Structures are given as C-alpha cells and as structure tokens.
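Trainee: Pasting the sequence and the predicted model now:
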Amino acid sequence: MTTAQPLDVQPTPLALLLLGRGSDPASERGVDCPGDLPAPSDPGLVERARAAKAALGDKVFVLGHHYQRDEVIQFADVTGDSFKLARDAAARPEAEYIVFCGVHFMAESADILTSDAQQVVLPDLAAGCSMADMATAEQVEECWDALTEAGVADATVPVSYMNSSADIKAFTGRHGGTICTSSNAQKALTWAFAQGDGSAPAKVLFLPDQHLGRNTAVRDLGLSLDDCVVWNPHKPNGGLTVRQLRDARMILWRGHCSVHGRFTLESVREVRERIPGVNVLVHPECRHEVVAAADRVGSTEYIIKTLQDAPAGSRWAVGTELNLVKRLAGRFAAEGKEIVFLDRTVCFCSTMNRIDLPHLVWALESLVDGKVVNRIEVDRETEKYARLALERMLALP
Ligand code: SF4
C-alpha cells in the first residue's frame, strides 16, 4: 500500500537513489559492480561457485541471511538473522574473507564485530536496506538538536534496531544508548526506560523502525499508543511540538520495512476467511494493527522455531519475507504442516534479492584470484562507538 506524500515532503538523496535517480558519492550503495559478472544464463554457475569455495577452503566463510534466494543460500556455511551471522563470523577468526549474502548494514555489523584481519565482502554493493536508509546520520543529529532545544535530550536514551547503518549505531553508542534486535527489543526498552534519573523513567528515541518500537512498547510493555509520537525527519521539528516531545515516552523514528509494512489488516481478514483454522504468525516489523490481529508475533528465529514445533496438520499464514516463507513451506510440507504467505501479493525484499548467483560467483572467483572486491569497511571512529552500542546490547540483563 502506498500513502500520499504531504506537499512539504522533500525526497532525500538516498530516497532518490532508491528510486534509481541521482547518485550518492558518499555511499557505496547504488553503485554498479566493477567487474565482469558472469551471465545469469551460464549453466556452469553452480559448479563455478562450488569450485571457487573449494579453492578458498577455510579462508572464506559465506554467511546467508534467511531472506536470501535459494540459489545463494545453498552456498552459505551458516544461515541466520543479521546479528547471529555477524557473531558467527567473529567466531571464525581463521576466515580471512567473510562473504556476506545479505544487505549493506549487515556487512557493516560483521565488519564491526570481526577482527581487523578479516575482510567483509558484499557481493552486490547495491544491496542496501530501505529501512536503514530512512534514518541518515545528518537527520538523526538534527533530531537530537531539537530534543536538546526542547530540554529533553538528557532524559532520552536512543535505542536503535540492528537494521540501521553503522553511523546510526555509532550515534546510539555516543549518546548512551543500545542496539536491539527483534528478539530482544523488549529487554532493550526495559533497560532504556530504567536509565532515568530516579525521579522519572527515561524517554526512548527508537530508530529507525517505528513499527518494531511501537509494537514492543505497546504490546509487550503496556504503554499506550498516546505515549508514542512519531518523528518525521522530513518536517520541521519532526512535525512535533515541544509539548509533544516533552510528554512522549517513546519518540519513534518515521521509518519502516518496505516488505513487512505491506501486510494489512485486510490480509489477515482475507486469510482467515480463506483458510479456516489458520494461525497468523507475523514479524514485529509489521504495522501495529496487523500485529494486534495476529495469533503469534516474533522475530525470524521465533517464526522458524514456531513452525518447527507446530503439530502436524496445523495451518499457518506467515507475514515475513517471501523467500523464507517459501523455503519453510517446502521444508515442513512433508510433516503435514500447511504454510502460506500472509498476503496474496508477492513480496520479496528487492534489495536482498540483488545478491544472486552471478554476483556470488564473481565475488568468490575474484577472491581466488587474490582480489578483494566490494569490501565493506567501517572507519575506526564509527566502529568504536557502534561497537559500544552493540556491547551494551550484549550486556543487557
Ligand atoms: S526485509 Fe525490510 S528491513 Fe530487511 S533488508 Fe529488506 S527492507 Fe530492510
């Protein structure tokens, strides 16, 4: 579903980039791959990927995010969500090259968590994340200035979702905040609210996914929708009054996932009518009304585990990325579990899908030739503060 844009909204350079217009010299995203990609029709691609991996041996470790295509996932040494994959890479110090089949912010996180001797490669630099791009460092600094002027910055703790750029993670670390994943968002928010000065709980600035922030605050922690306000980076003062900033407990950044944001209440109603007895299982990046209407809500890992543990004969409509849902439907069909996609419209993550077999083969064969292509490297200053925010997450009670 698309919503009409208010007239005062100006597209950011990154938004133009996502639309295929303009360029962003400060970013690696949206850049064509510098090299000769094999043709997608080359029948030898699978064999070439196998041969390159075998030639590299333990020097290479291929990470595959759950939302990747099957043609790529088959070459992953390990699969998982972004944080698990970054940790898996750090636990493999003998791997000189980490080939991250995922998106840009994930490769950045892997670079932050791995040693200096390890080099992280993203097979296609255009594999960004539209949600992460909805909060730029400049916009977030402007927001923080406004909170300072309103006299609330000192009482505000930033909590940033893993799905954010290294710059945003560093901002979070510098201002005493933590990172969260969709599995530990409740713990992270509980910690953040407890950082108040004793007279009142702290406020939270939640970046960049408004839905995960709202769903966690309201559904899991019992705040009301009125406790939450939304900061729109395209409006003066975020579109909020000083009074609203002072009264709010949760200041939600106006960002969302273009994949999970597509599911609607209508999708839930329609699937319940179509499949009697169906259980609706959704990711917390979905809109609040969808989450409220679902039977179960949880991270990608939770979704996989729920379906794994489900009894034979049960029926599930799953609201998350389509590559994963299709894979799980195939995997559990033999156990008599019926798994369908929550929406009737096909809904892949288009940026995740940019990593295909030709890009993977090109990246691996370049490594065999001693050439590191598409390296993702976070500068030391950014890394220092981003790591601090990640370490706070690891220390959450
Ligand atoms: S599924 Fe959503 S949050 Fe994940 S990479 Fe794609 S756009 Fe970003």
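Mentor: Yep, that arrived.
Trainee: Quick check: closest non-adjacent residue to Leu221.
Mentor: Distances taken as C-beta to C-beta, 6 or more residues apart in numbering put Leu189 closest to Leu221, at 6.0 Å, once the chain neighbours are dropped. Where C-beta positions appear, they are placed from N, C-alpha and C, glycine not excepted.
Trainee: what's near enough to touch the one you found?
Mentor: 159, 180, 204, 206, 213, 216-217, 220-221 (C-beta atoms under 8 Å, 6 or more residues apart in numbering).
Trainee: could you redo the residues you listed as TSV and give each row distance to the ligand, secondary structure and neighbour count?
Mentor: Output for those, formatted as TSV (distance: C-beta to the nearest ligand atom, whole Å; DSSP: H, G, I helix; E, B strand; the rest coil; neighbours: other C-beta atoms under 10 Å):
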residue	distance to the ligand	secondary structure	neighbour count
Val159	16	strand	27
Cys180	14	strand	29
Val204	20	strand	27
Phe206	15	strand	31
Gly213	14	helix	28
Thr216	16	helix	28
Ala217	19	helix	25
Asp220	20	helix	15
Leu221	22	coil	15
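Trainee: For the chain, list the residues in contact with the ligand, please.
Mentor: Within the chain, the positions adjacent to the ligand are 67, 103, 129-131, 163, 257-259, 321, 349, 351-352 by C-beta under 6 Å from any ligand atom.
Trainee: Switch those over to a markdown table; also include secondary structure and neighbour count.
Mentor: Shown next, in a markdown table, are the residues of the chain next to the ligand (DSSP: H, G, I helix; E, B strand; the rest coil; neighbours: other C-beta atoms under 10 Å):
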| residue | secondary structure | neighbour count |
| --- | --- | --- |
| Tyr67 | coil | 26 |
| Val103 | coil | 28 |
| Cys129 | coil | 24 |
| Ser130 | coil | 20 |
| Met131 | coil | 28 |
| Asn163 | coil | 28 |
| Cys257 | coil | 24 |
| Ser258 | coil | 15 |
| Val259 | coil | 24 |
| Glu321 | coil | 24 |
| Cys349 | coil | 25 |
| Thr351 | coil | 24 |
| Met352 | helix | 24 |
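Trainee: sorry, back to before: could you report the separation of the residue nearest to Leu221 from Val378?
Mentor: Counting by C-beta to C-beta, to the nearest Å, the gap from Leu189 to Val378 is 26 Å.
Trainee: for Ala333, same thing?
Mentor: From Ala333 to Val378 the distance is 41 Å (C-beta to C-beta).
Trainee: Which single residue in the stretch 51-200 of the chain comes nearest to the ligand?
Mentor: Nearest to the ligand, among the residues of the stretch 51-200 of the chain, is Cys129, at 3.3 Å (C-beta to the nearest ligand atom).
Trainee: Quick check: closest non-adjacent residue to that residue.
Mentor: Per C-beta to C-beta, 6+ apart, closest to Cys129 is Val103, 4.5 Å.
Trainee: State the pLDDT value of the residue sitting nearest the centre point of the chain.
Mentor: Geometric centre of the chain, nearest residue: Asn163, 3.4 Å, by C-alpha atoms, centre = their mean. The per-residue pLDDT reported for Asn163 equals 96.
Trainee: picking up where we left off before, mind checking which of Ala333 and Val378 has more residues around it?
Mentor: Legend: neighbour count by other C-beta atoms under 10 Å for Ala333 and Val378, higher for Val378 (22 against 11).
Trainee: Skip the chain neighbours and tell me the closest residue to the more buried one.
Mentor: Spatial nearest neighbour of Val378, excluding adjacent residues (C-beta to C-beta, 6+ apart): Ala166 at 4.6 Å.
Trainee: residues contacting the one you found?
Mentor: Ala166 neighbours (C-beta under 8 Å, 6+ apart): 105, 108-109, 111-112, 378, 382-383, 386.
Trainee: a markdown table please, covering those residues and showing pLDDT.
Mentor: Output for these, formatted as a markdown table (pLDDT from 0 to 100):
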| residue | pLDDT |
| --- | --- |
| Phe105 | 95 |
| Glu108 | 95 |
| Ser109 | 94 |
| Asp111 | 95 |
| Ile112 | 95 |
| Val378 | 96 |
| Thr382 | 97 |
| Glu383 | 97 |
| Ala386 | 97 |
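Trainee: And the furthest pair within those?
Mentor: Across the contacts of Ala166, no pair lies farther apart than Phe105 and Glu383, at 13.7 Å, counting by C-beta to C-beta.
Trainee: Those two: who's more crowded?
Mentor: Higher neighbour count among Phe105 and Glu383: Phe105, with 23 against 20, using other C-beta under 10 Å.
Trainee: Which secondary structure state does the more buried one sit in?
Mentor: Classification of Phe105 using DSSP: H, G, I helix; E, B strand; the rest coil returns helix.
Trainee: Skipping its backbone neighbours, what lies nearest it in space?
Mentor: Nearest to Phe105 is Ala132, by C-beta to C-beta, 6+ apart, at 4.5 Å.
Trainee: Let me see the backbone angles for that neighbour.
Mentor: phi -60, psi -40 (degrees, to the nearest 10).
Trainee: burial count for it?
Mentor: Residues near Ala132, counting by other C-beta under 10 Å: 29.
Trainee: Settle this for me: it is touching Asp167, isn't it.
Mentor: No: using C-beta atoms under 8 Å, Ala132 is not in contact with Asp167, being 9.9 Å away.
Trainee: Mind naming the longest helix for the chain?
Mentor: Among the segments of the chain that qualify as a helix by DSSP state H, the longest is helix 380-394.
Trainee: what sits up against that one?
Mentor: 108-109, 111-113, 160, 166-167, 169-174, 177-181, 184, 188, 378.
Trainee: what residues are up against the closest residue to Glu335 other than its chain neighbours?
Mentor: The shortest distance from Glu335 to any non-neighbouring residue, by C-beta to C-beta, 6+ apart, is to Ala312 (5.6 Å). Ala312 makes contact with 335-337, according to C-beta under 8 Å, 6+ apart.
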